[in-house]
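Participant: fold the following and give me the result.
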Amino acid sequence: MNILAFESSCDETAVAVVRNGREVLSDAILSQADMHALYGGVVPEIASRKHVEAIAGLADQALQDAGLIKRDIDAVAVTYAPGLIGAVLVGVSFAKSAAWALGVPLVPVHHVRGHIAANYLAFPELEPPFLALAISGGNTLLVDVRDYTDMRVLGATRDDAAGECFDKAARVLGLPYPGGRPMDLLAQQSAGGIYALPRAHVDGSALDMSFSGLKTAVVNLVHNAQQKGETLNAAALARDFTQAVSDELTERAALALDQTGRSKLVAAGGVAANSFIRADLEKLCHKRGVTLYLPPLKWCGDNGAMIGAQGYYEYMAGIRGDMTLNGFATMELDNLIF
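Facilitator: The predicted structure is shown next:
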């Protein structure tokens, strides 16, 4: 079964063709990161306009790269939530038009479910049930994946997502947007242990997380040093900041593994590309005898292939959209609205 999949929830326009949820036939992506770097972050209106300019050409490219023609497509999948609403609506509108023109079913896909499904592309043997740690610029979740479309959120950030926190810390340190990779490289230049940064604990909810206090602590450290004319050890601060984020994530993952008894841990999302977080998750899983699935770096960021992967399983579960399908800026992973 060939699924034409669209992803446009933030600043990547992506179109892919995925066969049977596991085989990527093509994955065409146009990133806007260099453009938004001029502003230090994503400008929603610019992102939406660039999606409009790019999406039709990428759809043609995805088909060509896959060696297919339009009548070879069996269904269309699209990210319909969550994300920047203008950007999401570009993908939803184009996908509805494509499904109508091709005469095939339309399958709505939750963006974070797509990130989790990216692991199916890298690991053919991976099947639910498992515990997923979904960490990106817009979401930070611990998810009990009971089946391909049966998921329950066990814990989540109460405020900022881990990736958003990385971007803000990078910006205050004078690093380019997006900040994840520059922060990782800078942190590798130090052993850290210089700056005492907070780790949050949410009363009454052991699996929930909070990163706003950590972000504020880094911003205040840098601003205070600038006002006093003091020199900060930027590499050490990046390292200590990264360790603080990793500690929160791995501690919650360990608790969730204990509570669920799962024997597999899956990482997903852009922050899963961070070398320190990957190493700490490896240590955790090795210590507990848990099998860890870390997606290749190319599947960590936003892409169309992950939507095609999850779209296949949503299709098999009978999930369909119609021409009234709307986009949503926010939506719970385990309480979908179509």
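
Participant: rest of the way, CA atoms for contacts and neighbours
Facilitator: Will do.

Participant: run the chain-centre distance for the lowest-mean-pLDDT helix or strand in the chain.
Facilitator: Here the helix or strand of the chain ranked lowest by mean pLDDT, DSSP states H and E is helix 33-37, holding a mean of 82. Distance of helix 33-37 from its chain centroid, counting by CA atoms, centre = their mean, to the nearest Å, is 18 Å.

Participant: now do stretch 117-134
Facilitator: Offset of stretch 117-134 from its chain centre (CA atoms, centre = their mean): 14 Å.

Participant: what of stretch 88-95?
Facilitator: Centre-to-centre, stretch 88-95 and its host chain are 19 Å apart (CA atoms, centre = their mean).

Participant: next structured bit after the least confident helix or strand of the chain?
Facilitator: Next helix or strand after helix 33-37 toward the C-terminus (DSSP states H and E): helix 44-66.

Participant: returning to that earlier point: what comes into contact with the least confident helix or strand of the chain?
Facilitator: Asp11, Glu12, Val42, Val43, Pro176, Tyr177, Pro178 (CA atoms under 8 Å, 6 or more residues apart in numbering).

Participant: again, only this time at 6 Å
Facilitator: Helix 33-37 is contacted by residues Val42, Tyr177 when judged by CA atoms under 6 Å, 6 or more residues apart in numbering.

Participant: how about that helix: buried residues?
Facilitator: The neighbour-count check on helix 33-37 (16 or more other CA atoms under 10 Å) flags Ala33, Met35, His36 as buried.

Participant: helix, strand, or coil at Arg171?
Facilitator: Using DSSP: H, G, I helix; E, B strand; the rest coil, the structure places Arg171 in helix.

Participant: nearest residue to Leu325 other than its sequence neighbours?
Facilitator: In this structure, Leu325 finds its nearest non-sequential neighbour in Phe338, 6.4 Å apart by CA to CA, 6 or more residues apart in numbering.

Participant: show me how this protein divides into domains.
Facilitator: Taking automatic domain parsing as the criterion, the chain consists of the domains 2-116+299-316, 127-298.

Participant: so for Met323, which of the ones you listed sits nearest?
Facilitator: Closest to Met323 of these is domain 2-116+299-316 (CA to CA; 6.1 Å).

Participant: kindly check the end-to-end length of that closest one for me.
Facilitator: For domain 2-116+299-316, the first-to-last residue distance is 13 Å (CA to CA, to the nearest Å).

Participant: what of stretch 5-20?
Facilitator: Using CA to CA, the end-to-end distance of stretch 5-20 comes out at 12 Å.

Participant: what's the closest of the domains of the chain to Thr330?
Facilitator: The nearest among the domains of the chain, by CA to CA, is domain 2-116+299-316 at 4.5 Å.

Participant: helices of this protein, start to end?
Facilitator: For the chain, helices defined by DSSP state H occupy the ranges 33-37, 44-66, 85-102, 111-122, 162-172, 180-187, 212-228, 234-260, 275-288, 304-316.

Participant: and the contacts of the third one?
Facilitator: I take that to be helix 85-102. With CA under 6 Å, 6+ apart as the test, helix 85-102 has contacts from Ser8, Ser9, Ser48, Val76, Leu106, Gly327, Ala329.

Participant: state the distance from Ile55 to Gly163.
Facilitator: With CA to CA as the criterion, Ile55 and Gly163 are 25 Å apart.

Participant: tell me the most buried of the helices of the chain?
Facilitator: helix 304-316 (a mean of 29; mean count of other CA atoms under 10 Å).

Participant: where does this protein dip in pLDDT?
Facilitator: Along the chain, no part satisfies pLDDT under 70.

Participant: go ahead and flag the most central residue of it.
Facilitator: Against the mean C-alpha coordinate of the chain, by CA atoms, centre = their mean, the closest residue is Gly269 at 3.1 Å.

Participant: need the domains of the chain in TSV with distance to Leu333, can you?
Facilitator: Shown next, in TSV, are these (distance: least, CA to CA, whole Å):
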stretch	distance to Leu333
domain 2-116+299-316	7
domain 127-298	7
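
Participant: any idea which of those gets closest to Asp334?
Facilitator: Proximity to Asp334, assessed across the domains of the chain by CA to CA, is greatest for domain 127-298 (5.4 Å).

Participant: can you give me the first-to-last residue distance of that closest one?
Facilitator: As for domain 127-298, its first-to-last residue distance stands at 21 Å under the measure CA to CA.

Participant: equivalent analysis for stretch 29-36, please.
Facilitator: Criterion CA to CA; first-to-last residue distance in stretch 29-36 is 16 Å.
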